[in-house]
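In: From the sequence below, what's the structure:
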Amino acid sequence: MEKGKKPFRLKYEIFTGFIIFTLIFITFLWIVQTVYIEDIYKSIRVSAAKKTAHMMEEAIETGDLQALAENLSASQTLCIEVTDAEGCVCAGSDRLMNCVIHHITKEQMLELARDTEENGGELLKLVSRVLYRPELEHLRDYPMSYDNKPLPDTAIYCLAANASPGGERLYIFINVNIIPLTATISTLRTELIWASAIMILSAALTAMIISRRISGPITGLNESAKALGRREYTARFEEKGCLEVRELAKTLNEAAFELNKVETYRRELMANVSHDMRTPLTMIIGYSEIMRDISGENTPDNLQVIVEEARRLETLVNDILEMTGLENDSSPFTPVDINLSEMLGDIAGRFEKMTSHLGYSFTLKCEDGVWVRGEQRGIEQVIYNLLSNAVNYSGDDKRIEIELFTERGRAMTRIIDRGHGISEEALPYIWERYYRDEHHKRPIVGTGLGLSIVRKVLERHCARYGVESSLGEGSCFWFSLALAEGGRLV
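Out: Here you go, the predicted model:
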């Protein structure tokens, strides 16, 4: 915004714009109705004469010239006369008291016909009013062409036509009177004064109503947006007004809903992280104090507890850092060829050792030598997080199935648990940050970021992924990667 220029409210901008438009329209109307009305009127009358002449020409062969002349003369308020090359009248109609063509001599009519032939078969004469005076000199005193010059009181239009191909030559004369508009213009000016006043008043009222109708909903959106800016994520935007404002309000309501959801997840994350950090920190501090204060407690078992709890803290921190890095896309993508069969076997073996004392069992059904191209650490993290999720939600039987097979040039990996499952309403949200199912169990510590990290890594690999689940029947998480060059190697 320019310095020193104070912005107007929207309703004032709309009001001012509407009034300016009305003033411009009224000005244009005044100019047309008072300044150029005579020129427009004269052009219309001359055009009517030309059109009538051409209609008479078209009817020479097919119609009754006299009847047509009388009809056109009456409807257009003009005079018509059709003569042959000798000046004899073939048809005509006299509807004007001051008609020129019906009060000139035969010789003068023939002279007009000759002028028409010399002018290419079409002639327009603009003359002053001739009241029962047949002198042809009056016709010669004025220009032969239109050429934007003021029209006099009478216009004569002459058109030469053939009665038939190679037949008799006929001349069609049209005479129109051009009535002075001085009184009409005076009347129009009086009417325009009243019309302009009424239009300005109506425009002001209309502009006020429209400006309030448009700016009102936007003002409401602005107030709600300010509340949203103050982190009041429960703010709602009224969906009223024109279509664009309604769509904007709907979009902002969706944005507020998403922000509120993210804020809820953030709080849950803080609660989860605080809970998950408090336990290992308590263990680390407690065992450290025991080893410091009590003689003989500096044992390998106590040290192992401290190490394990420190690793739990490390997992929490790494998950948060990993998610931040993926969202910021801060690390370069460096794919390599990966033996996915071997990787799945190694990670499943580690999980089995880690959880065997808790009764978990892993069933591995993998094709051998399946190679894909991707980031070693990223794919490992996907498998690790999906297996962690399966352990957390595996249910009472604690049985987890892992499958790997190839189809249509891709490696399909499936990780299946027989736990509680996921409701249809929750399926769209499980890949989002901080999301936790309300039936969550915690045999292994998590932050609610695991599946969100999986989604980010797989999208970075342009992989296909998804979940199949229903309540009471467990879940099947799957992802599909393109085979590396060479495909399946044994």
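In: And Asn339, how far from Leu458?
Out: Asn339 sits 19 Å away from Leu458, taking C-beta to C-beta, to the nearest Å as the criterion. For every residue, glycine as well, the C-beta is placed using N, CA and C.
In: More neighbours: those two, which one.
Out: Shown here are Asn339 and Leu458; by other C-beta atoms under 10 Å, Leu458 has more neighbours (21 against 16).
In: what's the closest non-adjacent residue to the more buried one?
Out: Spatial nearest neighbour of Leu458, excluding adjacent residues (C-beta to C-beta, 6 or more residues apart in numbering): Tyr465 at 4.7 Å.
In: ok, the residue lying closest to Ala160 once chain neighbours are set aside - how many residues close by?
Out: Nearest residue to Ala160, sequence neighbours excluded (C-beta to C-beta, 6+ apart): Gly121, at 4.2 Å. Other residues near Gly121 come to 14 when the count uses other C-beta under 10 Å.
In: State the pLDDT value of Gly121.
Out: At Gly121, the model reports a pLDDT of 86.
In: Please report the distance of it from Lys42.
Out: 23 Å.
In: got it, and Ile26?
Out: Counting by C-beta to C-beta, the gap from Ile26 to Lys42 is 25 Å.
In: Check which helix or strand Ile156 maps to.
Out: Element membership of Ile156, judged by DSSP states H and E, is strand 154-162.
In: which ones are touching the nearest residue to Ile383 once chain neighbours are set aside?
Out: Distance criterion C-beta to C-beta, 6+ apart; nearest residue to Ile383, sequence neighbours excluded, is Ile347 at 5.0 Å. Contacts of Ile347 were listed using C-beta atoms under 8 Å, 6 or more residues apart in numbering, and they are 380, 383-384, 387.
In: Which of those fall in strands?
Out: Among the contacts of Ile347, no residue falls in strands (DSSP state E).
In: who wins for neighbours among the residues you listed?
Out: When neighbours are counted by other C-beta under 10 Å, Leu387 leads these with 25 neighbours.
In: Hmm, His420 and Glu473 touching each other?
Out: No: the pair Glu473 / His420 is not scored as a contact, 9.1 Å apart, by C-beta atoms under 8 Å.
In: Neighbour count for those two, which is higher?
Out: Counted by other C-beta under 10 Å, Glu473 and His420 do not tie: His420 has more neighbours, with 21 against 13.
In: Can you lay out the contacts of Ile347 as TSV showing distance to Lys106?
Out: Below are those laid out as TSV (distance: C-beta to C-beta, whole Å):
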residue	distance to Lys106
Glu380	115
Ile383	114
Tyr384	116
Leu387	117
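In: Just the ones of these in helices?
Out: Among the contacts of Ile347, the members found in helices (DSSP state H) are 380, 383-384, 387.
In: burial measure for Tyr171, as a count.
Out: A total of 25 residues lie near Tyr171 under the criterion other C-beta under 10 Å.
In: my read is it is in a helix, agree?
Out: No: applying DSSP: H, G, I helix; E, B strand; the rest coil, one finds Tyr171 to be strand, outside a helix.
In: Next one: it from Val454, what distance?
Out: Tyr171 sits 96 Å away from Val454, taking C-beta to C-beta as the criterion.
In: Check which residues of the helix or strand harbouring Ser47 are buried.
Out: Using DSSP H and E, Ser47 maps to helix 37-58. Applying a neighbour-count criterion of 16 or more other C-beta atoms under 10 Å, one finds 38, 41-42, 45-46, 48-50, 52-57 buried in helix 37-58.
In: how about the helix or strand hosting Glu70: buried residues?
Out: Element membership for Glu70 (DSSP H and E) is helix 65-76. Residues 65, 68-70, 72-73, 76 are the ones in helix 65-76 that count as buried (16+ other C-beta under 10 Å).
In: if we look at it, which residues are touching it?
Out: Here helix 65-76 makes contact (C-beta under 8 Å, 6+ apart) with 48, 52, 55-56, 59, 78-80, 82, 90-95, 176.
In: Show the subsequent helix or strand relative to that helix.
Out: Heading C-terminal from helix 65-76, the first helix or strand you meet, by DSSP H and E, is strand 79-84.
In: What pairs with that next one, parallel or antiparallel?
Out: Applying DSSP bridges to the sheet, strand 79-84 is found paired with strand 89-93 (antiparallel), strand 169-177 (antiparallel).
In: So which helix or strand of this structure has the lowest pLDDT on average?
Out: Every helix and strand of the chain was ranked by mean pLDDT, DSSP states H and E. The lowest is helix 137-140, at a mean of 43.
In: just to revisit the earlier point, look over the contacts of helix 65-76 and name the one with the lowest pLDDT score.
Out: Lowest pLDDT of those: Arg95, 80.
In: Now do the same for that one: helix, strand or coil?
Out: Three-state call for Arg95 (three-state DSSP): coil.
In: need the contact list for it.
Out: 73-74, 77-79.
In: out of those residues, who's nearest Ser196?
Out: Using C-beta to C-beta, Thr77 is the member of the contacts of Arg95 that lies nearest Ser196, at 31.4 Å.
In: Run a quick neighbour tally on the closest one.
Out: Thr77: 14 surrounding residues under other C-beta under 10 Å.
In: Is it correct that it is in contact with Ser93?
Out: No: using C-beta under 8 Å as the test, Thr77 is too far from Ser93 to be in contact (11.0 Å).
In: before we move on, the earlier item: would you turn the contacts of Arg95 into TSV with distance to Ile284?
Out: Output for those, formatted as TSV (distance: C-beta to C-beta, whole Å):
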residue	distance to Ile284
Ser73	115
Ala74	113
Thr77	110
Leu78	112
Cys79	117
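In: which one among the residues you listed gets closest to Ile285?
Out: Thr77 (111.5 Å).
In: So in this structure, which strand runs the longest?
Out: As assigned by DSSP E, the longest strand anywhere in the chain is strand 475-488.
In: can you confirm Ala256 is in a strand?
Out: No: Ala256 is assigned helix when assessed by three-state DSSP, not a strand.
In: mind checking pLDDT for it?
Out: Looking at Ala256, its pLDDT reads 79.
In: Identify the bridge partners of Ala161.
Out: Judged by DSSP bridges, the bridge partners of Ala161 are Leu170.
In: wait, what's in contact with it?
Out: Ala161 sits next to 57, 60, 121, 169-172 when contact means C-beta under 8 Å, 6+ apart.
In: mind redoing it with 6 Å?
Out: Ala161 makes contacts with 57, 60, 170, as judged by C-beta atoms under 6 Å, 6 or more residues apart in numbering.
In: In contact with the last one, which residues are there?
Out: Counting by C-beta under 6 Å, 6+ apart, Leu170 makes contact with 82, 84, 161, 163.
In: Next one, pLDDT for it please.
Out: Looking at Leu170, its pLDDT reads 88.
In: Any figure for the gap between it and Gly120?
Out: Counting by C-beta to C-beta - Leu170 and Gly120 are separated by 16 Å.
In: domain assignment for the chain?
Out: As assigned by automatic domain parsing, the chain contains the domains 10-35+184-224, 37-180, 243-326, 332-488.
In: Please produce JSON lines containing these, extended by distance to Phe237.
Out: JSON lines is the format used below for the domains of the chain (distance: least, C-beta to C-beta, whole Å):
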{"stretch": "domain 10-35+184-224", "distance to Phe237": "5"}
{"stretch": "domain 37-180", "distance to Phe237": "52"}
{"stretch": "domain 243-326", "distance to Phe237": "4"}
{"stretch": "domain 332-488", "distance to Phe237": "23"}
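In: So which of these is nearest Arg230?
Out: Closest to Arg230 of those is domain 10-35+184-224 (C-beta to C-beta; 10.7 Å).
In: what helix or strand is Tyr465 on?
Out: Assigned by DSSP H and E, Tyr465 belongs to strand 464-469.
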